[in-house]
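[1] Any chance you can model this:
(one chain, ligands or ions: 1)
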Amino acid sequence: MAYQTVNPFTNQLIKEYPPHSDADVEAALQKADALYHSDWAKGDIDQRLPVLHKLADLLDSQTEALAKIASQEMGKLIAQSRAEVKLCAQIARYYADNASGFLAPVKYPSELGEAWVEHHPIGVLMAVEPWNFPYYQLMRVLAPNLAAGNPIIVKHASIVPHCAETFAHLVREAGAPEGAYTNLFISSDQVGKIIEDDRVQGVALTGSEKAGAIVASQAAKKLKKSTLELGGNDVFVVLDDSDLEKAVSVGVQARLQNAGQVCTAAKRFILHENIADAFLAKFTAAFGQVKLGDPLDESTTLGPLSSKDAQETLTKQVNEAVKNGAKIHYGGKPVEGKGNFFEPTILTNITRDNPAYFEEFFGPVAQVYVVEDDDAIVRLANDSHYGLGGAIFSQNIERAKRLASRIETGMVYINSLTDTAAELPFGGVKRSGFGRELSDLGIKEFVNQKLVVVSNK
Ligand code: NAP
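    Next up, the predicted model:
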C-alpha cells in the first residue's frame, strides 16, 4: 500500500512518502544487528535509560505540535491526541524509572545451589503497528525494548507516515543510537522477509486478526517469538444496581472515543433487563447530543473515521447486520459530504445467527443486548471469538468482582471504561492475541530469562 497522508476530514492528499527499497531494508537490518552486538545493547542498562527520559521530555514539550499531526492525519479529536502524547511520555518515563528493577536478576531458592535468572536482550525485533493510536502503539513497543536492549525495525500503518516519521525523529533526537529504532515504509512482503531473516528474533504486531494470523505464522515458521495485540468485541455491562448517569456518560465515551476506533472500545452493551429501557433512553439522548466536525475544533465531539475504506467497511457491516434482522435504534448511515463521518449508531435485536454478533465494528456503532441475570451476562460476554477487555458497572463491587472473574478477557474494568496506563498490563486472549504490553509483563516478552546455577555439589 502507498504511504500517504490524506486528511480524513477533507479527504485531501497532503503528502506521499516514497517506499523503502530492499537495499534500505538490508541497511536497516545491518545497523540494528550491529547495535545489538554492541556494548550499548548488551551492557549496562543505565546507558540506555536516559534516552527514554529525554524522549519523555521531548514529548511533553512538543505535545501541541505532535497532537496536531495525529489529528490531521487520522482524524482523532485534538484533545484526545494531546492525551495520547502525554500518555506516551508517561510510558517512556515509567520504563526509564522502573526497567532496571524489572530486569534485575531474580534469585531462585534451589537444592542444586545458588540460582538466579538474568534478563538479556534477544536481538532485533520487527514491529508492525496500526494507525488508531499512531504514537502510543509505537511507544508500547519502543520503551520496554529500548530499555531491554532490543533494536527495533518498525512498519507503521500506511495511512500515518507523518506520525511514523515524526516519532522516529524524536527517538533519534532523544539520543538513541543508529539502529535502535528504524522506521521503514515497506510492504507486507518486505515485512515477511525481515521476519525470515536470521538477524531478527521476534515480532510484535498490533492490528487486525487477519494481519496477526499472517505475521504470527511467518514468525512460527522460523520458530520466532511473537506477541499479538488484535481486535476485540468488548462488553460494557450495566447491572441493575449501577449508577445509571455515570454508566451512560462513560458508556458514550467508551463507544465514541477515537470515533469508535479503539480495540478496547465498548462494542457490546449488555444491559440488565431492570434498567435496560432507562439506560437506552439516556444513552440514545446522549448520542443525539454528539457534535460531528473538524477534529481540530475543540467543540467537536465526534471526528471522522480514519479513511474512506474504514467508512465503507463500517457501512457494509451495518447494512449486513440490518439485512440479518438487526434494528437500527439510532443513526445507521455514513454522513454524506466531505470527511469520512459515520453517524453515531445504536443497533438492537442482534441474534446469534447475525454476522454482526461475532464481528468487531471499528467505528461509532453500539450493539445493545438485554439479559435477565448475571449468568446470562457471562454466557453472552464469553460467546465471542475475541477476549480483549470489558467493563462492568455496578454499585455492588463484590458482585461486579465475581462477574469480572468469570469473563474470558485479558482485562476487565469495574465502573470505568477499559483504560490503559504504563504500569498496567495490556493484552487479550482468544483471537484478541497473546502476550502482554506495558507494565513489568511487557518488558519480559522479548528478553532471554537466563538461568545461571552455581552448583553446591
Ligand atoms: P491492520 O489492517 O491489521 O493493520 C495493522 C498493521 O498491520 C498496519 O501497519 C498494516 O499495514 C499491517 N499489515 C496488514 N497486513 C499485513 C501483512 N499481511 N503483513 C504485514 N503487515 C500487515 O489493522 P487495522 O484494521 O488498520 O487496525 C485496526 C485493528 O487493530 C482492529 O482490529 C483493532 O481492534 C486492532 N487493534 C488492536 C489493539 C490492541 O492492543 N489489541 C490496539 C489497536 C488496534 P498497512 O497499513 O500498510 O496495511
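[2] and the closest residue to N258 other than its chain neighbours, what is it in contact with?
    Spatial nearest neighbour of N258, excluding adjacent residues (Cβ to Cβ, 6 or more residues apart in numbering): K76 at 5.8 Å. For glycine as for every other residue, the C-beta is placed from the backbone atoms N, C-alpha and C. K76 sits next to 70, 84, 258-259, 295, 303 when contact means Cβ atoms under 8 Å, 6 or more residues apart in numbering.
[3] The ligand contacts on the stretch 51-200 of the chain?
    128-132, 155-158, 188, 191 (Cβ under 6 Å from any ligand atom).
[4] can you put the residues you listed in a markdown table and add pLDDT?
    Shown next, in a markdown table, are those (pLDDT from 0 to 100):
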| residue | pLDDT |
| --- | --- |
| V128 | 99 |
| E129 | 98 |
| P130 | 98 |
| W131 | 98 |
| N132 | 98 |
| K155 | 98 |
| H156 | 98 |
| A157 | 98 |
| S158 | 98 |
| S188 | 98 |
| V191 | 98 |
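[5] Which members of these occur in strands, if any?
    Secondary-structure check on those using DSSP state E: residues within strands are 128, 155.
[6] Over to stretch 424-437 now: how far is its first residue from its last?
    9 Å (Cα to Cα, to the nearest Å).
[7] Over to stretch 409-422?
    Terminal-residue distance, stretch 409-422 (Cα to Cα): 19 Å.
[8] Out of the contacts of K76, which comes closest to G390?
    Set against G390, the nearest of the contacts of K76 by Cβ to Cβ is N258 (17.8 Å).
[9] Remind me which helix or strand the closest residue to P109 other than its chain neighbours belongs to.
    Distances taken as Cβ to Cβ, 6+ apart place A115 nearest to P109, at 7.7 Å, with adjacent residues excluded. If you go by DSSP states H and E, A115 is part of strand 113-121.
[10] Just give me how far that strand sits from the chain centre.
    32 Å (Cα atoms, centre = their mean, to the nearest Å).
[11] cool, stretch 21-36 as well?
    27 Å.
[12] Kindly report the same for stretch 366-378.
    26 Å.
[13] mind saving the C-alpha coords of it as PDB?
    Only the C-alpha atoms of stretch 366-378 are listed here, as PDB (Å, rounded to 0.1, in the frame of the first residue of the first chain):
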ATOM      1  CA  ALA A 366     -23.000   0.300  19.600                       C
ATOM      2  CA  GLN A 367     -24.700  -3.100  19.800                       C
ATOM      3  CA  VAL A 368     -27.300  -3.400  22.600                       C
ATOM      4  CA  TYR A 369     -28.400  -6.700  24.300                       C
ATOM      5  CA  VAL A 370     -30.800  -7.100  27.200                       C
ATOM      6  CA  VAL A 371     -30.400 -10.000  29.600                       C
ATOM      7  CA  GLU A 372     -32.200 -11.300  32.700                       C
ATOM      8  CA  ASP A 373     -29.400 -12.200  35.200                       C
ATOM      9  CA  ASP A 374     -25.700 -12.400  35.900                       C
ATOM     10  CA  ASP A 375     -25.300 -15.900  34.400                       C
ATOM     11  CA  ALA A 376     -26.800 -14.700  31.200                       C
ATOM     12  CA  ILE A 377     -24.400 -11.800  31.100                       C
ATOM     13  CA  VAL A 378     -21.400 -14.200  31.500                       C
END
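[14] tell me the average confidence for it?
    Mean per-residue pLDDT for stretch 366-378: 98.
[15] Can you list the buried residues in it?
    Buried residues in stretch 366-378, defined by neighbour count with 16 or more other Cβ atoms under 10 Å: 366-371, 374, 377-378.
[16] Over to stretch 424-439?
    425-428, 430-439.
[17] go on, stretch 155-173?
    So, applying 16+ other Cβ under 10 Å, buried residues of stretch 155-173: 155-168, 170-171.
[18] And stretch 198-214, end to end?
    Termini of stretch 198-214 sit 19 Å apart (Cα to Cα).
[19] hmm, back to that, quick check: which helices or strands does the strand holding A115 pack against?
    Counting contacts by 3 or more Cβ pairs under 8 Å, 6 or more residues apart in numbering; DSSP states H and E, strand 113-121 packs against helix 39-42, strand 106-107, helix 136-148, strand 447-455.
[20] Count the neighbours of K15 for me.
    Burial of K15 is recorded as 11 neighbouring residues (other Cβ atoms under 10 Å).
[21] any idea how far D294 is from it?
    19 Å (Cβ to Cβ, to the nearest Å).
[22] okay, the helices and strands packed on strand 113-121 in JSON lines with mean pLDDT next?
    Below are these laid out as JSON lines (pLDDT from 0 to 100):
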{"stretch": "helix 39-42", "mean pLDDT": "97"}
{"stretch": "strand 106-107", "mean pLDDT": "98"}
{"stretch": "helix 136-148", "mean pLDDT": "98"}
{"stretch": "strand 447-455", "mean pLDDT": "98"}
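[23] now these in TSV, with mean neighbour count?
    As requested, these are exported to TSV (neighbours: other Cβ atoms under 10 Å):
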stretch	mean neighbour count
helix 39-42	16
strand 106-107	11
helix 136-148	27
strand 447-455	12
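[24] Pass me the low-pLDDT residue ranges in the stretch 251-400 of the chain, would you?
    Judged by pLDDT under 70, the stretch 251-400 of the chain has no weakly predicted residues.
[25] Now do the contacts for whatever residue of the stretch 251-400 of the chain ends up closest to the ligand.
    Distances between the stretch 251-400 of the chain and the ligand by Cβ to the nearest ligand atom are smallest at C263, namely 3.2 Å. If you count contacts by Cβ under 8 Å, 6+ apart, C263 has them with 132, 206, 229-232, 388-389, 432.
[26] all helices of the stretch 1-150 of the chain, in order?
    With DSSP state H, counting those that start in this stretch, the ranges of helices along the stretch 1-150 of the chain come out as 22-36, 39-42, 49-61, 63-74, 78-102, 136-148.
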